[in-house]
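In: Sequence first, predicted model second:
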Amino acid sequence: MKDIESREDLLAVVTDFYDFLFQSDVLHHFFLKFKDSDVLDEHLQTLVDFWDNTLFYSGTYTKNAMKPHLLLSKRNPIRPEHFEEWITLFHRAVDGRFQGVNAETIKNRALSIATVMNLKITQE
Ligand code: HEM
């Protein structure tokens with residue numbers, strides 16, 4: 001298995017990840033607006049921008065990713081068990097295709113960002 005090296009690789013990860021999210025009993029309700037929708041492609045590109053920036057410091061994502069989640073959680077509470085499932089599925093999407101330093105780094109970053117996000121949401 002190869003390591004994550006390009007935007008194409010990141011797109012493969014987030015595409016598999018969203019397939020898992022749509023099938024998850026715990027999480028699918030958060031993602032209904034993207035299911036079978038033409039806004040999904042645009043959203044996946046935003047996620048590729050985010051991970052490209054987080055992993056390779058590409059400058060492709062400059063927004064605050066916390067904000068939409070704080071708003072979302074006001075309407076539709078995001079709880080610790082949701083974050084646990086999110087992390088499990090994200091790691092599964094990475095491990096299904098990639099192995100190496102970048103694959104390990106992206107999983108660690110996902111875990112630390114999810115941990116901070118969970119804390120911020122709990123404190124709101
Ligand atoms: C259970 C936890 C999570 C849920 C339910 C969730 C759900 C969502 C939803 C519904 C959106 C679309 C928001 C919108 O368009 O209004 C979104 C966007 C996004 N999420 Fe999450 N998310 C979670 C955790 C995370 C984590 C841990 C990260 C980062 C490691 C992350 C990164 C992003 C990014 C980068 C966007 C795009 C924001 C933008 O449009 O600039 N999410 N998330």
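Out: Nice, I can see it.
In: use CA for all of it now, contacts and neighbours both
Out: Fine.
In: so how many other residues sit close to the residue nearest to N76 when sequence neighbours are not counted?
Out: On the basis of C-alpha to C-alpha, 6 or more residues apart in numbering, the spatially nearest residue to N76 that is not a chain neighbour turns out to be F30, at 7.7 Å. By other C-alpha atoms under 10 Å, 16 other residues sit near F30.
In: ok, F30 to the ligand distance?
Out: 5 Å (C-alpha to the nearest ligand atom, to the nearest Å).
In: and that residue, what pLDDT?
Out: If you check F30, the pLDDT there is 98.
In: T115 too?
Out: 98.
In: just the helices in this structure please.
Out: Assigned by DSSP state H, the helices in the chain fall at 7-23, 40-56, 66-75, 80-95, 101-123.
In: Pull out the CA atoms of the last one and give them to me as CSV.
Out: So the one you mean is helix 101-123. Output in CSV follows, covering the C-alpha atoms of helix 101-123 (Å, rounded to 0.1, in the frame of the first residue of the first chain):
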residue,chain,number,x,y,z
VAL,A,101,4.1,8.7,7.5
ASN,A,102,1.4,10.9,5.9
ALA,A,103,-1.3,8.3,6.5
GLU,A,104,-0.3,8.3,10.2
THR,A,105,-0.1,12.1,10.4
ILE,A,106,-3.6,12.7,8.9
LYS,A,107,-5.1,10.2,11.4
ASN,A,108,-3.3,11.9,14.3
ARG,A,109,-4.4,15.4,13.1
ALA,A,110,-8.0,14.2,12.7
LEU,A,111,-8.0,12.9,16.2
SER,A,112,-6.5,16.1,17.7
ILE,A,113,-8.8,18.4,15.8
ALA,A,114,-11.8,16.3,16.8
THR,A,115,-10.7,16.4,20.4
VAL,A,116,-10.5,20.2,20.4
MET,A,117,-13.8,20.5,18.5
ASN,A,118,-15.5,18.2,21.0
LEU,A,119,-14.2,20.3,23.9
LYS,A,120,-15.3,23.6,22.3
ILE,A,121,-18.8,22.2,21.6
THR,A,122,-19.1,21.0,25.1
GLN,A,123,-18.1,24.4,26.5
